[in-house]
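[1] structure for this input, please:
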Amino acid sequence: MRWALVKVCLAVTTMVVVAFAVPLGLVVQEMARDRAFSNAEREAAAVAPALSITTDRDKLERVVASAGADSGMAVHLPADGTRSALDLGRQRAADHDIEAVRTMGRASTTSVTGGSTLLQPVALGSGAIAVVEVYVPESETSHGVGTAWAVLAAVGLALIVGSVAVADRLGVRMVRPAQRLVEGAHELGEGKLGARVPEEGPTELRLAAFAFNSMADQVVQLLANERELAADLSHRLRTPLTVLRLNAASLGAGPAAEQTRTAVAQLEREVDTIIRTAREAKPQTVAAGPGAGCDAAEVVRERMEFWSALAEDEGRKWRVAGVERPVRTPVARADLAAALDALLGNVFRHTAEGTAFAVDVHNGEDAVIVLVSDAGPGIPDPEAAMARGRGSGSAGSTGLGLDIVRRLAESTGGDVRIGTSVLGGTEVRIWFQLDGRGPARGRVRRRRPRKLVSTINRPRSLP
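    The predicted structure follows:
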């Protein structure tokens, strides 16, 4: 914007300078020519009185010399009955030009070598017409023209430079507030809620800065209200959780009772985490730095141990593959566990009892893929299912679980895809990028599992 304003000002100023300087330079050149021929006319007029009195050669030579023409003047007398034609001085004009002036009786100019000549007719006492020739060199007709052009060029250049400097200052005055507004918008978009813009510059930019600051304040207030609402809603869960924990404590011993107490304890921890996160205004999922993350194989084994008890109760067949060796994943352990719980919870919630499911882990050179598949009816509209707040369309489906999984994958540069599994139902593929450069389709070789571990109607033990 700044350089565009400078370019426009430069173009306009140059056009104005050219429009005025060129005609003015031509006028100066014409004035110099008129001045030179006016001087020549005065010199010719100084000889005319002497010609009307005498035609004596010696006297006329003294008159011509006194006129100061510096051998630039010539006098051409016609022949009469007592003498022949007389020419005084150096003749430069052609004979026919001299005769034409004598015949027409009016002054004329003609071009000669090195300049021009003024031919002025003068009446003699005898009634004949003499012609006074005054030589005007080319240097006389252009005297001072070069200096005038140089002065005009300097003035024009100064005007152009001055206009560019003024336009640059005006551009800076306009561009700097606009740049601050853009930088503030980028900072706010990056999550820096304290970003504000100085209200300065032209009126329009001041109004834009004021509107931006008001919007930023409103965003901060809305986010604060959202956090308080999330904390308040999460706090309401404490009472039913307390009752559930007391009831679980009274179940006695046994695997099912222990699983229930573990689930209640985890639920209480999750509620506490939500409340703390909302109060502290810190994101729950952050990008993992070098060396951070977790062992995806261990997390899968742990969560499948939890879900296997419910699978046994509902008569579901399940399998796990690719968890025999550690698989380093650049996400927090709690986040990966929450994502797996969301997907496995969808399997139990939206498929009939007895529907089989599987979890596969594939470890590539620059990515880790986690596949959660089932033998259910599938998802007819995957794009709608990925939309937050919409879900698959079935009862109880909101799409929040898949949105959590998607945001977790995208935090590493990966993505989430929904397709059809080999079991005939839904397959959710989670792509965790290891180098953070975005999905690298075609570079990760999806290999066959080394060993499929199947467990039917019995809980799976941790290695």
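[2] chain center to the strand or helix carrying residue 428, what's the gap?
    Using DSSP states H and E, residue 428 falls within strand 426-433. Using C-alpha atoms, centre = their mean, to the nearest Å, the mean C-alpha position of strand 426-433 is found 35 Å from that of the whole chain.
[3] pairing partners for it, with directions?
    strand 367-374 (antiparallel), strand 415-420 (antiparallel) (DSSP bridges).
[4] quick one: which of these is nearest residue 149?
    When the strands paired with strand 426-433 are compared by C-beta to C-beta, strand 415-420 sits nearest residue 149, at 69.7 Å. Backbone N, C-alpha and C define where each C-beta goes, glycine included.
[5] mind listing what's buried in the closest one?
    Using 16 or more other C-beta atoms under 10 Å as the test for burial, strand 415-420 gives 415-418.
[6] among the strands paired with strand 426-433, which comes closest to residue 346?
    With C-beta to C-beta as the measure, strand 367-374 is the member of these nearest residue 346 (8.5 Å).
[7] which residues touch the closest one?
    296, 300, 327-329, 340, 343-344, 347, 351, 355-362, 414, 421-423, 425-434, 439-440, 443-444, 446 (C-beta atoms under 8 Å, 6 or more residues apart in numbering).
[8] go again with 7 Å.
    For strand 367-374, the external contacting residues (C-beta atoms under 7 Å, 6 or more residues apart in numbering) are 296, 327, 329, 343-344, 347, 351, 355-362, 414, 421-423, 425-434, 440, 444, 446.
[9] go ahead and confirm residue 429 touches residue 417.
    Yes: counting by C-beta atoms under 7 Å, residue 417 is a contact partner of residue 429 at 4.6 Å.
[10] quick one: the strands in the stretch 201-350 of the chain?
    For the stretch 201-350 of the chain, strands defined by DSSP state E, counting those that start in this stretch occupy the ranges 294-295, 317-321, 328-329.
[11] who does the last one pair up with?
    As defined by DSSP bridges, the strand partners of strand 328-329 come to strand 294-295 (antiparallel).
[12] with the longest one instead?
    As defined by DSSP bridges, the strand partners of strand 317-321 come to strand 357-363 (parallel), strand 452-456 (antiparallel).
[13] distance from the chain centre to that strand, please.
    Remark: strand 317-321 is offset 52 Å from the chain centroid, using C-alpha atoms, centre = their mean.
[14] give me the mean pLDDT for it.
    What strand 317-321 shows for mean pLDDT is 93.
[15] same check, this time on the last one
    Looking at strand 328-329 alone, the average pLDDT works out to 90.
[16] list the contacts of that strand.
    By C-beta under 7 Å, 6+ apart, the residues outside strand 328-329 that reach it are 293-296, 336, 368, 432.
[17] what is the burial count for residue 325?
    Counted with other C-beta atoms under 10 Å, the neighbours of residue 325 add up to 10.
[18] name the nearest residue to it, ignoring sequence neighbours.
    residue 297 (6.6 Å; C-beta to C-beta, 6 or more residues apart in numbering).
[19] and residue 427, by the same measure?
    residue 421 (3.5 Å).
[20] pLDDT at that neighbour, what is it?
    88.
[21] is it true that it touches residue 379?
    No: between residue 421 and residue 379 there is no contact under C-beta under 7 Å: 10.8 Å.
[22] of those two, which one has the most company?
    residue 379 (25 against 20).
[23] that one contacts residue 419, doesn't it?
    No: using C-beta under 7 Å as the test, residue 379 is too far from residue 419 to be in contact (9.3 Å).
[24] against residue 324, how distant is the nearest residue to residue 322 once chain neighbours are set aside?
    Among residues not flanking residue 322 along the chain, residue 361 sits closest, at 3.6 Å (C-beta to C-beta, 6+ apart). Counting by C-beta to C-beta, to the nearest Å, the gap from residue 361 to residue 324 is 9 Å.
[25] make TSV out of the strands of the stretch 201-350 of the chain and add distance to residue 166 and mean neighbour count.
    What follows is the strands of the stretch 201-350 of the chain, written out as TSV (distance: least, C-beta to C-beta, whole Å; neighbours: other C-beta atoms under 10 Å):
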stretch	distance to residue 166	mean neighbour count
strand 294-295	62	18
strand 317-321	73	20
strand 328-329	60	20
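[26] for those strands, which one sits closest to residue 162?
    strand 328-329 (64.1 Å).
[27] distance from the chain centre to the closest one, please.
    38 Å.
[28] quick one: residue 103 from residue 207, how far?
    Remark: distance between residue 103 and residue 207 (C-beta to C-beta) = 82 Å.
[29] just residue 317 next, same as before
    Taking C-beta to C-beta, one finds residue 317 at 65 Å from residue 207.
[30] try residue 434
    According to C-beta to C-beta, residue 434 stands 47 Å off from residue 207.
[31] repeat that for residue 401.
    The value you get for residue 401 to residue 207, if C-beta to C-beta is used, is 44 Å.
[32] counting neighbours, which bits of stretch 125-144 end up buried?
    Result for stretch 125-144 [16+ other C-beta under 10 Å]: buried residues 129-136, 140-141.
[33] among those, which ones are in helices?
    140-141 (DSSP state H).
[34] which other residues reach stretch 7-22?
    With C-beta under 7 Å, 6+ apart as the contact definition, stretch 7-22 has outside contacts at 152, 156, 159-160, 163-164, 167.
[35] for it, what is the average pLDDT?
    Per-residue pLDDT over stretch 7-22 has a mean of 77.
[36] ok, then the element right after the helix or strand containing residue 20?
    Using DSSP H and E, residue 20 falls within helix 2-53. With elements assigned by DSSP H and E, the helix or strand that comes after helix 2-53 is helix 57-66.
[37] check what pLDDT the residue nearest to residue 270 when sequence neighbours are not counted gets.
    Leaving aside its sequence neighbours, residue 270 sits nearest to residue 338 (C-beta to C-beta, 6+ apart; 7.8 Å). Per-residue pLDDT puts residue 338 at 84.
[38] pull the number of nearby residues for residue 338.
    Counted by other C-beta under 10 Å, the residues lying close to residue 338 total 19.
[39] quick check: the gap between it and residue 299.
    Relative to residue 299, residue 338 is positioned 10 Å away (C-beta to C-beta).
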